[in-house]
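Undergrad: need a 3D model of the sequence below.
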Amino acid sequence: MKLSGAGELSLLEILRKRFANRPHDVVVGIGDDAAVIRPQNTPMLFTTDMMVEDVHFDLSWTTPFQLGFKLVSVNVSDIYAMGGKPRFLLLNFSASNDTSVDFFNQLFDGIETAMKKYGISLIGGDISSSEKIVLSATVTGYAKKFLGRRGARPGDRIFVSGPVGDAACGLALMKNIKKKIPIELGKKIRLPLPWDTVSPLIERHLMPAARDPKRFATAATAMIDISDGLLIDLSRLCRESNVGAMVYSEKIPLSPGLKKVSEYLGLSPLDLAFGGGEDYELLFTASAGKKIMAFCIGEIIKSGIFI
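TA: Reported below is the predicted structural model:
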């Protein structure tokens, strides 16, 4: 059945049934004009991200499940980047009347899987129609002590939470493969390189996981998630803190898979690491001498960015 036959009310009913469980701090959830929550006695965080067909995703190689999972993850990543804990989700989407109801069921599967992973609850949203698929989510959370981009000081060390460049390499692979790979179902395809080498890169692009900062949030002085590339996001952090950075390229964490696949594709692993984006690792600073469970890649200086 297509959206034109099911109608907006049917989709809303699907959402209400699937996400009926209401946590204790939700007074009114899906189905009313607005959600009502009981706020905690801590600062609240709000973030929103939009994904547009043929701009942020390509349906020729992306499954609805993967879209739903990624939509939630990219929003949760922003909450984590502020040192917060995600709690609630508002979901908005529009699609053409020719879109199948099965598409939405798979999309909701991905959203629900991500919600369970991050411990968040759907409390409302909106549905509309458009020529192409547009997805938008708003995630709210709490932070007893929130972080931002403005706390870095000269002498601080620069860290990343994990390897960078994998997602960009996965995207380059998908542009060559040009077909859907339902990795969420454990599906594999035959490629010139071993599947165990390429699959983590493909997954980092299609279904990225947000990085919980609990290992280092208390020590961090400034933090940002790597959504647009290590160099761009480092520049943003430095601009907001009014400082510069010295980055040691030999210390950038590169996964073994990235090194092998980038060589096969004829790409520079460092170019992918610095400029690729969508890794959703956390880039942060901390005072020198702190023991941090992350990769130290440089230090904060007074001005300029040097590599």
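Undergrad: please count neighbours and contacts with C-alpha atoms only from this point.
TA: OK.
Undergrad: give me the nearest residue to residue 215, chain neighbours excluded.
TA: The shortest distance from residue 215 to any non-neighbouring residue, by C-alpha to C-alpha, 6 or more residues apart in numbering, is to residue 293 (6.7 Å).
Undergrad: hey, C-alpha coordinates of whatever helix or strand residue 91 lives in in PDB?
TA: Taking DSSP states H and E as the criterion, residue 91 maps to strand 85-95. Extracted C-alpha coordinates of strand 85-95, given in PDB (Å, rounded to 0.1, in the frame of the first residue of the first chain):
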ATOM      1  CA  LYS A  85      22.400  12.600  27.900                       C
ATOM      2  CA  PRO A  86      19.600  12.300  25.200                       C
ATOM      3  CA  ARG A  87      16.100  11.800  26.400                       C
ATOM      4  CA  PHE A  88      13.300  12.700  24.000                       C
ATOM      5  CA  LEU A  89      12.700  12.700  20.200                       C
ATOM      6  CA  LEU A  90      10.400  14.700  18.000                       C
ATOM      7  CA  LEU A  91      10.100  13.300  14.500                       C
ATOM      8  CA  ASN A  92       9.000  15.100  11.300                       C
ATOM      9  CA  PHE A  93       8.900  13.700   7.800                       C
ATOM     10  CA  SER A  94       7.300  14.300   4.400                       C
ATOM     11  CA  ALA A  95       7.200  12.100   1.300                       C
END
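Undergrad: now do it: which elements does it pack against?
TA: If you count contacts as 3 or more C-alpha pairs under 8 Å, 6 or more residues apart in numbering; DSSP states H and E, strand 85-95 packs onto helix 64-81, strand 121-129, strand 134-142.
Undergrad: quick one, which of those is packed in tightest?
TA: Of all those, helix 64-81 carries the top mean neighbour count, a mean of 26, counting by mean count of other C-alpha atoms under 10 Å.
Undergrad: so this structure: which segments form each domain?
TA: 3-142, 157-306 (automatic domain parsing).
Undergrad: can you give me the distance of the nearest residue to residue 19 once chain neighbours are set aside to residue 76?
TA: Spatial nearest neighbour of residue 19, excluding adjacent residues (C-alpha to C-alpha, 6+ apart): residue 122 at 6.7 Å. Computed with C-alpha to C-alpha, to the nearest Å, the distance linking residue 122 and residue 76 is 13 Å.
Undergrad: residue 273 contacts residue 227, correct?
TA: No: in this structure residue 273 lies outside contact range of residue 227 using C-alpha atoms under 8 Å: 11.6 Å.
Undergrad: neighbour-wise, which of these two wins?
TA: Shown here are residue 273 and residue 227; by other C-alpha atoms under 10 Å, residue 273 has more neighbours (25 against 19).
Undergrad: state the pLDDT value of residue 4.
TA: You'll see residue 4 listed with a pLDDT of 54.
Undergrad: also residue 29?
TA: So, for residue 29, pLDDT stands at 75.
Undergrad: next one: the one 3 residues further on
TA: Residue-level confidence at residue 32 comes out at 79, pLDDT.
Undergrad: same check, this time on residue 236
TA: 98.
Undergrad: look up the closest residue to it, ignoring the ones flanking it.
TA: The shortest distance from residue 236 to any non-neighbouring residue, by C-alpha to C-alpha, 6+ apart, is to residue 149 (7.8 Å).
Undergrad: just residue 229 next, same as before
TA: Using C-alpha to C-alpha, 6+ apart and skipping residues adjacent in sequence, the residue nearest residue 229 is residue 277, 3.6 Å away.
Undergrad: not counting sequence-adjacent ones, nearest residue to the residue nearest the centre of the chain?
TA: Note on the chain: the residue nearest the mean C-alpha position is residue 74, at 2.4 Å, using C-alpha atoms, centre = their mean. Spatial nearest neighbour of residue 74, chain neighbours left out: residue 210 (6.9 Å); criterion: C-alpha to C-alpha, 6+ apart.
Undergrad: so what's the residue count around residue 105?
TA: Counted with other C-alpha under 10 Å, residues neighbouring residue 105 total 17.
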